[in-house]
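K.L.:
build me a model:
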Amino acid sequence: MPYRFADSSAEAVPLHVIAADALGGWLGDQSERTRAWVAATGFQGAIGEALLLPGDDGTPEAALIGYGTPAARKRGRFALAAGVGKLGTATYRIASGLPDEAAAEEALGWLLSGYAFTRYAGTAPQIAQLVAPEGVDAARIEILAEAEALTRDLVNAPASDMGPEELEGAARDLAQTFSASISVTSGAELESGFPMIHAVGRASPRAPRLIDMRWGDSGPTLTLVGKGVCFDTGG
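P.N.:
Numbering: from 1, shown residues only. Now for the predicted structure:
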């Protein structure tokens, strides 16, 4: 699925991020009907909770999503993502309660909550859409979400279908998409130039290789080295 925020001009349901210790204060500013509805549903602002507030015409006029306690948030990432699945497939806009310093990470978690491994069957779930919170770099977050989804797909593929040859194919596809250069060292050239890589992989009928992908010609030089193990090497 495309990991994208909803258009900023889209009609969106106001979404209030409610920390467990802030629920009472938020309810104090609401109508009696809203207070009664929240009490009747048992919403407490815990991580994983979400609640639609119905309007007069039956459609949601707003929604609440739990943000838990500081201690609960420290035990994991992406607190908001835990409640996204309970919001249906509407489009939402953060109306209150989300700290500015947490907006980028929580927005990333929201996009990633729609991930599913669909290589063999099924489709990604349809999740609630989010208008990018104010002040975040929406384009950067979308890139991070797509990169994370690609990594998950590679990791989730079974070793029988993700050997060195298949990983090379994935790298070549990525290089072509982003106009990167790529070179692959294998066979005798790998044995003479990188003997340890060759030695580790030689026991398998699926030949090892060194994949070198380069992108960009400006800015600081940054090198990322990944081990790229596709199956158990016994190490």
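
K.L.:
how about the nearest residue to R209 once chain neighbours are set aside, phi and psi?
P.N.:
Counting by C-beta to C-beta, 6 or more residues apart in numbering, R209 lies nearest to S186, which is 3.9 Å off, once chain neighbours are set aside. Where you see a C-beta, it was placed from the backbone N, CA and C, and this is true even at glycine. Per-residue torsions, S186: phi -150, psi 180 (degrees, to the nearest 10).

K.L.:
and what of E189?
P.N.:
As for E189, its main-chain torsions (degrees, to the nearest 10) stand at phi -60, psi -40.

K.L.:
retrieve the pLDDT associated with it.
P.N.:
The model reports E189 with a pLDDT of 95.

K.L.:
coming back round to it: look up how far A207 lies from the residue nearest to R209.
P.N.:
Applying C-beta to C-beta, to the nearest Å, the value for S186 to A207 is 6 Å.

K.L.:
between these two, which is the more surrounded one?
P.N.:
Per other C-beta atoms under 10 Å, whichever of S186 and A207 has more neighbours is S186, with 19 against 14.

K.L.:
I'd like the distance between that one and L108.
P.N.:
Taken as C-beta to C-beta, the span from S186 to L108 is 36 Å.

K.L.:
mind checking what secondary structure P125 has?
P.N.:
On the three-state scheme (DSSP: H, G, I helix; E, B strand; the rest coil), P125 is labelled coil.

K.L.:
state the number of residues packed around it.
P.N.:
Residues lying near P125 (other C-beta under 10 Å) number 14.

K.L.:
quick one on the thing from earlier: residues in contact with the residue nearest to R209?
P.N.:
Neighbour list for S186: 207-210 [criterion: C-beta atoms under 8 Å, 6 or more residues apart in numbering].

K.L.:
got a winner among those for most neighbours?
P.N.:
Highest neighbour count within the contacts of S186: P208, with 24 neighbours (other C-beta under 10 Å).

K.L.:
that concludes my questions; thank you for your assistance.
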